[in-house]
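>>> okay, here's the prediction I keep looking at, along with the sequence it came from:
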Amino acid sequence: MSREVDLITAGGGNIGSVKRCFQRLGVSCREIDDPAMISGTRPLVLPGVGAFGSVMVNLEQTGIANRLRQVVSSGTPYLGICVGLQVLLSDSEESPGVRGLDLIKGHVVRFNNGKVPQIGWNKVTRRSPPTTRFLSERGDLNEGYAYFVNSFYAIPESPDAISYSARYGNVFAAALSSANITAFQFHPEKSGEFGIAILEDWLNDVF
Amino acid sequence: MTYSNLWKPAHFDLCKPAHRDLCEPPQSDLCKPAHRDLCEPPQSDLCKPTHRDSCEPPQSDLRSGHSDSCMPTQSDLCKPAHSDSCMPTQAPAHSDLCKRIIPCLDVANGRTVKGVRFANLRDIGDPAVLAAEYERQGADELMFLDITATKDNRSTMTQVVTRVAEQLSIPFSVGGGVSSLEDARRLLECGADKVTVNSAAVRNPKLIAEIAERYGSQSCVLSIDARRQKDSGEFEVLIAGGSIATGRDALSWARAGVRLGAGEILLTSWDKDGTLSGFDVEMVSLFSRALPVPVVASGGARGPQCFIDVFQSAGADAALAATIFHDGVWTISALKQQVQQAGVNVRPC
């Protein structure tokens, strides 16, 4: 059976690289811009380029936000990338007053030192021992280098939701994981072999 | 026509009253008086750490600094002006962010070429093949410059970008002849992660703002070819592949570019390009300490010591090279090993 994910395009931005990356991994992407297209049976992918506020407004206006809250709460696998991670939280300093998907309780805040945005490769380290189900126990995924472009990062209320951390002035959440939710602050599709390995592992988990 | 005619001061002095109004959404209090002062043409001491505290706007003003995602909303376009003055210009103390090593591929008519000071071009090979090889060797990112950049050549370059995007799993940027939002759109949609603007942005600075607004600052790299001025210690912007001197000061142009939304500065030393005589450490140092966005050093790379110097002494965030990689003088992995042994944090490969 062919592997297929629902790729949400309403987040705006250039989704081409994520799509190409999945195609190389043998996964086809159904582009979703309408909540009625979300089956709830196919895994969901939300790649993010865009400000928290504009992405959330777009998701709310199209009705995709509510559909996501519904299907992800009932167990549909969700993969978020960059802003696709941030919108999972309750709110963001980037866009005060805008409610996030609120699927993971917590806030998104801005880096307060160093050049912002952070651009480039940073070392990510998996929490040990993992407190939530996240990827397989593959040793080569315990630590690696991933490509980031971000000014903001998530602080979940439960630290157990943090699956990878990294340092940029302070230690921050490089990835989150909670039940059927997996999300990366970095861009696995641009993180060379390490990023590909992480995506492959996620795909093996959800299919 | 003198080159000064190319410069409409209006485009550069964003902080003059008329432009402030453009920058400020009516409902916003982002430009409080204290911060407006910081919009004045850069003062040399604004970035000193001691000023940081007083620079830091109240929490509520920080929110939409540079959006993550870096897609500026309308009002984000004027924010870099504030951050420019307030933000530290170095990586934070406790950071594992790596210095990037970026091979550059000059492309003419679909082939990779290399010259000295933009002339005497030699054929180096198929860009897509080289790109894959450089990723395998451990390149952190790639840069493609279309050095012919004629209209006829555009579809050729689009094909190159498409082929490159199909195989790479690291970021890459494309530049050369990007003169409109449409040019940027075409390249980004073919799979480029960033576009690099140079001459066209000098002639029409609004191009930077247009690209940053539509695709985010992280997608817009401002490339500056700078030539050292005799005696003055300053640097002049050259355009059109180094053939036209603009009379414009390179550092003030870089600052203006950042205010307009450029997410990175690619700084090429015209004096050093292709000469294998080392990066211009003094110039890179001046820029990387003055600018709140990453500075990519370019021109003159010879071997590991040049990279060590430009990272450690000049504070460059990334360094670009072509000749030494194309000629096989250094593989990226061998180079990285040496640089890492000297204590520079690079991504292992």
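Okay, I see it.

>>> C-alpha only now, for contacts and for neighbours.
Noted.

>>> what sits against residue A:19?
Neighbouring residues of residue A:19 by C-alpha atoms under 8 Å, 6 or more residues apart in numbering or on different chains: A:28-29.

>>> do you know the pLDDT at it?
Among the per-residue scores, residue A:19 shows a pLDDT of 91.

>>> assign a three-state SS to it, would you?
Using DSSP: H, G, I helix; E, B strand; the rest coil as the criterion, the local structure at residue A:19 reads helix.

>>> distance-wise, check the residue nearest to the spatial centre of chain B relative to residue B:177.
When chain B is reduced to its mean C-alpha position, the closest residue under C-alpha atoms, centre = their mean turns out to be residue B:265, at 2.2 Å. Computed with C-alpha to C-alpha, to the nearest Å, the distance linking residue B:265 and residue B:177 is 17 Å.

>>> cool, and residue B:246?
Distance check for residue B:246 against residue B:177: by C-alpha to C-alpha, it reads 17 Å.

>>> related to what we said a few turns ago, tell me if I am right that the residue nearest to the centre of chain B is in a strand.
Yes. Counting by three-state DSSP, residue B:265 is located in a strand.

>>> is it true that it touches residue B:298?
No. Counting by C-alpha atoms under 8 Å, residue B:265 stays clear of residue B:298, with 10.3 Å between them.

>>> how about the residues of the stretch 201-349 of chain B near chain A?
Near chain A, the residues belonging to the stretch 201-349 of chain B are B:215-216, B:218, B:292-294, B:347 when assessed by C-alpha under 8 Å from any C-alpha of the partner chain.

>>> by neighbours, which of those wins?
residue B:293 (31 neighbours; other C-alpha atoms under 10 Å in any protein chain shown).

>>> okay, and the beta partners of the residue nearest to that one when sequence neighbours are not counted?
The spatial neighbour of residue B:293 that comes closest, neighbours along the chain excluded (C-alpha to C-alpha, 6 or more residues apart in numbering or on different chains), is residue B:264 at 5.5 Å. With DSSP bridges applied, the residues forming beta bridges to residue B:264 are residue B:221.

>>> residues contacting residue B:264?
Remark: with contacts taken as C-alpha under 8 Å, 6+ apart, residue B:264 is in contact with B:218, B:220-222, B:258, B:293-296.

>>> return the per-residue confidence for residue 63.
Just so you know, I chose chain A. The model reports residue A:63 with a pLDDT of 97.

>>> that answer is for a different chain, and I need it for chain B
Here the pLDDT value assigned to residue B:63 is 32.

>>> same question, residue B:216
For residue B:216, the predicted pLDDT is 84.

>>> so how far is residue A:189 from it?
For residue B:216, the distance to residue A:189 - C-alpha to C-alpha - is 18 Å.

>>> got it, and residue B:136?
Between residue B:136 and residue A:189 the computed distance is 16 Å (C-alpha to C-alpha).

>>> of the two, which one has the most company?
Neighbours around residue B:136 and residue A:189, counted as other C-alpha under 10 Å, are more numerous at residue A:189. The numbers are 27 against 15.

>>> measure that one to residue A:19 for me?
Distance from residue A:189 to residue A:19, by C-alpha to C-alpha: 9 Å.

>>> strands of chain B, start to end?
Along chain B, the stretches classed as strands by DSSP state E are B:100-108, B:111-116, B:119-125, B:142-146, B:172-175, B:194-197, B:220-228, B:235-239, B:244-249, B:264-269, B:295-298, B:318-321.

>>> where do the strands of chain A begin and end?
A:3-8, A:27-32, A:44-47, A:78-81, A:91-92, A:106-110, A:118-126, A:143-150, A:152-156, A:162-168, A:170-178, A:181-184.

>>> what bits of chain A have low per-residue confidence?
Scanning chain A for pLDDT under 70 picks out A:1, A:11-14, A:129-137.

>>> report the distance from the longest helix seen in it to the chain centre.
With residue count as the measure and DSSP state H as the assignment, chain A has helix A:192-206 as its longest helix. The gap between the average C-alpha position of helix A:192-206 and the chain average comes to 13 Å, counting by C-alpha atoms, centre = their mean, to the nearest Å.

>>> next: stretch A:170-183.
Remark: stretch A:170-183 is offset 8 Å from the chain centroid, using C-alpha atoms, centre = their mean.

>>> list the buried ones in it?
Judged by neighbour count (16 or more other C-alpha atoms under 10 Å in any protein chain shown), stretch A:170-183 contains these buried residues: A:172-178, A:180-183.

>>> for chain B, state which of the residues you listed is nearest.
Distance to chain B, by C-alpha to the nearest C-alpha, is smallest for residue A:172 among the buried residues of stretch A:170-183, at 10.6 Å.

>>> what packs against the longest helix of chain A?
Under the contact criterion of 3 or more C-alpha pairs under 8 Å, 6 or more residues apart in numbering or on different chains; DSSP states H and E, helix A:192-206 touches strand A:143-150.

>>> the strand it packs on vs strand A:162-168, what angle?
Orientation check (axes from the mean of the first three to the mean of the last three C-alpha atoms, to 10 degrees): strand A:143-150 against strand A:162-168 gives 70 degrees.

>>> strand A:143-150: which residues count as buried?
Within strand A:143-150, the residues that qualify as buried are A:144-150, counting by 16+ other C-alpha under 10 Å.

>>> residues contacting it, please?
Contact with strand A:143-150 is made by A:82, A:116-126, A:185-188, A:190-192, A:194-195, B:67-70, B:218, B:347, as judged by C-alpha under 8 Å, 6+ apart.

>>> do the same with stretch A:165-175
Counting by C-alpha under 8 Å, 6+ apart, A:85, A:111, A:113-114, A:118, A:122-127, A:153-155, A:162-164, A:182-186, B:91-97 sit against stretch A:165-175.

>>> give me the pLDDT for the residue nearest to the centre of chain B.
Reading off the confidence values, residue B:265 has pLDDT 98.

>>> contacting residues for it?
With contact set as C-alpha under 8 Å, 6+ apart, residue B:265 has these partners: B:221-224, B:254, B:293-296.

>>> redo those residues as TSV? Include pLDDT.
Below are the contacts of residue B:265 laid out as TSV (pLDDT from 0 to 100):
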residue	pLDDT
B:221	97
B:222	98
B:223	97
B:224	98
B:254	98
B:293	94
B:294	95
B:295	97
B:296	98
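
>>> so which of those residues wins on neighbours?
Using other C-alpha under 10 Å as the neighbour definition, the contacts of residue B:265 reach their maximum at residue B:293, which records 31 neighbours.

>>> verify the stated contact: that one with residue A:114.
No. Counting by C-alpha under 8 Å, residue B:293 sits too far from residue A:114 to count as a contact (9.6 Å).

>>> quick one: end-to-end distance for stretch B:250-270.
Taking C-alpha to C-alpha, the span from the opening residue of stretch B:250-270 to its closing residue is 12 Å.
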